[in-house]
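> Next come a sequence and a model predicted from it.
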Amino acid sequence: QVTLRESGPALVGPTQTLTLTCTFSGFSLTTSGLCVSWVRQPPGKALEWLALIDWDDDKYYSTSLKTRLTISKDTSKNQVVLTMTNMDPVDTATYYCARLTVPTNAFDIWGQGTMVTVSP
Amino acid sequence: DIQMTQSPSTLSASVGDRVIITCRASQSISRWLAWYQQKPGKAPKLLIYKTSTLQSGVPSRFSGSGSGTEFTLTISSLQPDDFATYCCQHYGSFSPVTFGQGTKLEIK
């Protein structure tokens, strides 16, 4: 059974750095064609893609946020970590990690999401 | 970046209705288009990938079609469990992941 679970702080202050961890099971991120991505959703708004890392350790970032994002993986721990610098109240959202498979190019399994609030 | 535009933003319908949701890409994306269903407080659920391939376990009343820049999600006969928000998504070899803004399907 494939599962993903997000973890991280529920509250961060403005200008701080957010670190989120996605811990997954049921697959290996060394398997060709598998990727893990981060997606966020502000309250009442649309999904916004943030970053993706693939089995070959290639990394891709949202054009609008790439200067603030870093994605990495630890295959021995089955974890993917996202850091986002210089947090702002507009970054308040539910943050999801999800698995993307190639060649479907779709997110077939999602974590339950973690709500992050940016406030003093 | 490729932009995905959905219409309508909100759709009111009744149980048993046939509904169509459209997703338009700002440039050709071949058939690299997926559809998701999302309910309040829950993560999105993959319904369809590569325009028309139904994800395992998804009821056959859901179908997808299109190519290039215009795509549709059709629900042939709405069931009570189908009232939710639907979202399209693209990911291609030379473009980052993009989502549509979502279509909220409400009970009339």
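Received the coordinates, thanks. Numbers count the residues shown, from 1 in each chain, chains lettered A, B, ... in the order given.

> Write down the beta-bridge partners of the spatially most central residue of chain A, one by one.
The centroid of chain A falls nearest to A:Trp38 when counting by CA atoms, centre = their mean (2.5 Å). According to DSSP bridges, the residues that bridge with A:Trp38 are A:Ala51, A:Cys97.

> mind checking the SS state of A:Thr94?
Assigned with DSSP: H, G, I helix; E, B strand; the rest coil, A:Thr94 falls in the strand class.

> And the one 5 residues further on, by the same measure?
In terms of secondary structure, A:Arg99 is strand; the call rests on three-state DSSP.

> doesn't A:Cys22 make contact with it?
No. Using CB atoms under 8 Å, A:Arg99 is not in contact with A:Cys22; the gap is 9.4 Å. Quick note: C-beta positions are derived from backbone N, CA and C, even for glycine.

> In contact with the residue in chain A sticking out farthest from the centre: list those residues for me.
Distance from the C-alpha centroid of chain A, by CA atoms, centre = their mean, peaks at A:Pro120 (23.4 Å). Listed by CB atoms under 8 Å, 6 or more residues apart in numbering or on different chains, the contact partners of A:Pro120 are A:13-14.

> Next, it: secondary structure please.
Looking at A:Pro120 with three-state DSSP, the answer is coil.

> and the gap between A:Asp74 and chain B?
Distance, A:Asp74 to chain B, using CB to the nearest CB, to the nearest Å: 22 Å.

> And for that residue, the neighbour number?
A:Asp74 has 12 neighbours, counted by other CB atoms under 10 Å in any protein chain shown.

> so what's the closest residue to A:Glu48 other than its chain neighbours up against?
Residue nearest to A:Glu48 in three dimensions, not counting chain neighbours: A:Arg40, with 5.3 Å by CB to CB, 6 or more residues apart in numbering or on different chains. Neighbouring residues of A:Arg40 by CB under 8 Å, 6+ apart: A:47-48, A:50, A:91, A:93-96.

> A:Arg40 - that's part of a strand, no?
Yes. A:Arg40: assigned to a strand according to three-state DSSP.

> who does the worst-scoring helix or strand of chain B on mean pLDDT touch, helix- and strand-wise?
Ranked by mean pLDDT, DSSP states H and E, the weakest helix or strand in chain B is strand B:95-99, scoring a mean of 90. Judged by 3 or more CB pairs under 8 Å, 6 or more residues apart in numbering or on different chains; DSSP states H and E, strand B:95-99 is in contact with strand A:34-41, strand A:48-54, strand A:59-61, strand B:85-92.

> what about the helix or strand just after that strand, average pLDDT?
Downstream of strand B:95-99, the next assigned helix or strand under DSSP states H and E is strand B:103-107. Throughout strand B:103-107, pLDDT has a mean value of 96.

> Adjacent strands (with direction) for strand B:103-107?
Next to strand B:103-107 in the sheet, as set by DSSP bridges, lie strand B:10-13 (parallel), strand B:85-92 (antiparallel).
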